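Trainee: Give me a 3D structure for the following:
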Amino acid sequence: MDNEKEEEDEDEEKEKGRRGDEVVVGRWGEEDLLRGRKFDVIILDYLIGSIDGFEPYTQDMIFGRLGVHLAEGGRMYVVGMEPIPDQPTTGRSTQESGEDDNNHTQLVIKAQGLVCEMRRLRDACILLAGHRCYREFPLSWIHRQISSSTSSLHISNTKSFSILHSPSSFTKQLNVARSKLEYMDSEVMREGMRIKINELENMFNETLKKMNAKNVPLSFDYIVQITKDSCHNT
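Mentor: Residues are numbered from 1 along each chain as shown. Purely as a prediction, here's the structure:
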């Protein structure tokens, strides 16, 4: 009975959250949001990429906006995604490569090309539905923003993780496109996009089967650790 009571207390505590926890709802464009508050750790979890969907054209202001809330000696972690490129990134095989290697490379290039096309199709459906797309920013942009800033923020570490596009992740992105079809005002457009989405999904799955692979790499996620000088007065 004691164990059951302890589990019930733990579940109740999880539902309530830790003492002092709070959820603050607002927009970063609001000057009074979190005014005077300081935090030892700030995590920007794919925030940069999502800004264009809610506060467009303000990405360059976000580090200054959040930097004032980072305590001296604190850390900020920026989690983001390198934008999917317009074209495949895998180079051609060398002349010394065998025929099998060349065939595999061509299949990888084809699969990567389908990922690029998926991104364009997904975004086209979002725009045709009258909605805004997210806009990912490259790692180099993050570095430029911090290095060119006059604030006390400095990059202390960066790590990247290759993105492996599988049939399930590919379909997940296409499902975003599918969810936008109902907002299009033309049945011809909806049906045309529906056909294209299904066609692209089948092509990607068939290409991976020919590769005898579970996924194909293209682009990467990154984490940037940013620190704030303890000697800077804000």
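Trainee: Could you verify my assumption that residue 58 touches residue 51?
Mentor: Yes. The criterion here is CB atoms under 8 Å, and residue 58 meets it with residue 51 at 6.1 Å. Heads up, the C-betas are built off the backbone N, CA and C, glycines and all.
Trainee: So residue 136, which state does it fall into?
Mentor: Taking DSSP: H, G, I helix; E, B strand; the rest coil as the rule, one finds residue 136 in the coil state.
Trainee: which helix is the longest one in this structure?
Mentor: helix 99-128 (DSSP state H).
Trainee: and stretch 158-165, how far from the chain's centre?
Mentor: How far stretch 158-165 lies from its chain's middle: 11 Å, per CA atoms, centre = their mean, to the nearest Å.
Trainee: any idea which residue sits dead centre in the protein?
Mentor: The residue lying closest to the centre of the chain (CA atoms, centre = their mean) is residue 81, at 4.4 Å.
Trainee: Report the contact partners of it.
Mentor: 46, 49, 136, 163, 219, 220, 221, 222 (CB atoms under 8 Å, 6 or more residues apart in numbering).
Trainee: Go through those residues and single out the one with the most neighbours.
Mentor: Note: the member of the contacts of residue 81 with the most neighbours is residue 219, at 21 neighbours, neighbours being other CB atoms under 10 Å.
Trainee: doesn't residue 86 make contact with that residue?
Mentor: No. The pair residue 219 / residue 86 is not scored as a contact, 11.6 Å apart, by CB under 8 Å.
Trainee: Please export the C-alpha coordinates of stretch 45-58 as CSV.
Mentor: Output of stretch 45-58 as CSV, limited to C-alpha atoms (Å, rounded to 0.1, in the frame of the first residue of the first chain):
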residue,chain,number,x,y,z
ASP,A,45,14.7,24.7,-29.1
TYR,A,46,14.3,25.2,-32.9
LEU,A,47,13.1,28.7,-32.1
ILE,A,48,15.0,30.5,-34.8
GLY,A,49,13.4,28.4,-37.5
SER,A,50,9.9,28.9,-36.2
ILE,A,51,10.1,32.7,-35.9
ASP,A,52,9.1,33.3,-39.5
GLY,A,53,5.8,31.6,-38.9
PHE,A,54,4.8,33.9,-36.1
GLU,A,55,7.1,37.0,-35.9
PRO,A,56,8.6,37.3,-39.4
TYR,A,57,11.7,39.3,-40.1
THR,A,58,12.8,39.5,-36.5
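Trainee: For it, give me every contacting residue.
Mentor: For stretch 45-58, contacts defined as CB under 8 Å, 6+ apart pick out 27-29, 59, 62, 78-81, 131-137, 142.
Trainee: Can you say which of those are buried?
Mentor: 28, 59, 62, 78, 80, 81, 133, 136, 137, 142 (16 or more other CB atoms under 10 Å).
Trainee: now the strands: where do they sit in this structure?
Mentor: 39-45, 70-81, 153-165, 216-228 (DSSP state E).
Trainee: got any ranges where this structure has weak pLDDT?
Mentor: Residues of the chain meeting the criterion pLDDT under 70: 1-17, 91-100, 150, 231-234.
Trainee: Next, the contact list for the closest residue in space to residue 164 that isn't next to it in sequence, please.
Mentor: The shortest distance from residue 164 to any non-neighbouring residue, by CB to CB, 6 or more residues apart in numbering, is to residue 215 (3.9 Å). Applying CB under 8 Å, 6+ apart to residue 215 gives the contacts 164, 165, 166, 169, 208.
Trainee: Return the backbone torsion pair for residue 215.
Mentor: Phi and psi for residue 215, reported as degrees, to the nearest 10, are phi -160, psi 170.
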